[in-house]
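Q: Sequence and predicted model, in that order:
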Amino acid sequence: MVDIIGERQEILVRTLRENGASLVGFGDVSAVGTELTRGYPVAISLGVKYDEKIVDNCHIDEEAFHNHLQELKIPVRRLISIAGDLLSGWGYQYESLPLSTMIESDKQLREIKAFPHKTAATCAGLGWIGKCALLVTPEYGPRISLGTMLTDAGFITAEPITRDRCGECSLCVEACPYGAIHNVNWKRGVERTKLFDAYLCNAKRLEYVPKIGRKHSCGLCLQACRVGKK
């Protein structure tokens, strides 16, 4: 009997890679999510890598880094559209998770309800959560823009990553100009507040609004991470 699911999964991965995906993974999210993930138990996690030179220079050209973050949403949206067309053509149901947006207030932080892209990626075996509360991948460190689709397709899923691989490294902790990273190692179930003070980070970056007209994009923690550096 032909392995239709396996064949379609290979086609999906190959198509996404050919269209610019740096990483593609599949994870079982049925046990870690919400009613939505119970109906769509498989996460397709995809990522597009950052331009390493732009990240390396983010401390001297923050505007270029900020623009790069916005521009990366274009290829991620395109990949999600391509995957959606394939899934629909095969008769599968899916939901695309909203891409991350610029947070401007504590109220927005408190009201975030969407299933986290980072959780989908750890379930798909693409990486772990670093001390800075960002996904860290072996290939690119935290320098990756994520997209996620939840589906009822019975794709083969990866072994999840449930603990970090940061060990004693504290480069991101030392790089944070606001002291928002708490030097705590992650494992599944640890809340973000244990790792990172998102409210402090947000408040400090909003202080730049009078000067540059928007929140500062910083990036020093992901610049400091040595994982995935050439």
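A: That came through fine. Computed from a prediction, not measured in an experiment: that's the story for all the values here.
Q: So for the residue nearest in space to the middle of the chain, what pLDDT did the model give?
A: In the chain, the residue lying closest to the centroid (Cα atoms, centre = their mean) is Leu146, at 4.0 Å. The model reports Leu146 with a pLDDT of 97.
Q: Is it in a helix, a strand, or coil?
A: At Leu146 the chain is in strand, as set by DSSP: H, G, I helix; E, B strand; the rest coil.
Q: Next secondary structure after the helix or strand hosting Pro210?
A: Per DSSP states H and E, Pro210 falls inside helix 209-212. Using DSSP H and E, the helix or strand that follows helix 209-212 in sequence is helix 220-224.
Q: Report the contact partners of the closest residue in space to the residue nearest to the centre of the chain that isn't next to it in sequence.
A: Nearest residue to Leu146 in three dimensions, chain neighbours excluded: His117, at 4.0 Å (Cβ to Cβ, 6 or more residues apart in numbering). Quick note: C-beta positions are derived from backbone N, CA and C, even for glycine. Neighbouring residues of His117 by Cβ atoms under 8 Å, 6 or more residues apart in numbering: Ser45, Leu97, Ser100, Leu135, Leu146, Gly147, Thr148.
Q: The residue nearest to the centre of the chain contacts Phe115, doesn't it?
A: No: using Cβ atoms under 8 Å, Leu146 is not in contact with Phe115, being 11.9 Å away.
Q: if we can go back for a sec, could I have the helix holding Pro210 exported to CSV, CA atoms only?
A: Extracted C-alpha coordinates of helix 209-212, given in CSV (Å, rounded to 0.1, in the frame of the first residue of the first chain):
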residue,chain,number,x,y,z
VAL,A,209,9.0,56.4,20.9
PRO,A,210,9.6,60.1,21.4
LYS,A,211,13.0,59.9,19.7
ILE,A,212,12.5,57.5,16.8
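Q: right, and Glu174 touches Ala224 too?
A: Yes: judged on Cβ under 8 Å, Glu174 makes contact with Ala224 at a distance of 7.2 Å.
Q: before we move on, back to that, state the distance from the residue nearest to Leu146 to Ser96.
A: His117 sits 11 Å away from Ser96, taking Cβ to Cβ, to the nearest Å as the criterion.
Q: Overlap of the contact sets of the two?
A: Listed contacts common to His117 and Ser96 are Gly147, Thr148; contacts here mean Cβ under 8 Å, 6+ apart.
Q: and Val48, what does it touch?
A: With contact taken as Cβ under 8 Å, 6+ apart, Val48 is in contact with Gly20, Ala21, Ser22, Leu72, Pro75, Val76, Leu79, Ile144, Ser145, Gly147.
Q: For the closest residue to the third one other than its chain neighbours, which residues are in contact?
A: Excluding the flanking residues, the one nearest Ser22 by Cβ to Cβ, 6+ apart is Lys49, at 4.1 Å. Applying Cβ under 8 Å, 6+ apart, one finds that Lys49 lies in contact with Ser22, Leu23, Glu139, Tyr140, Arg143, Ile144, Ser145.
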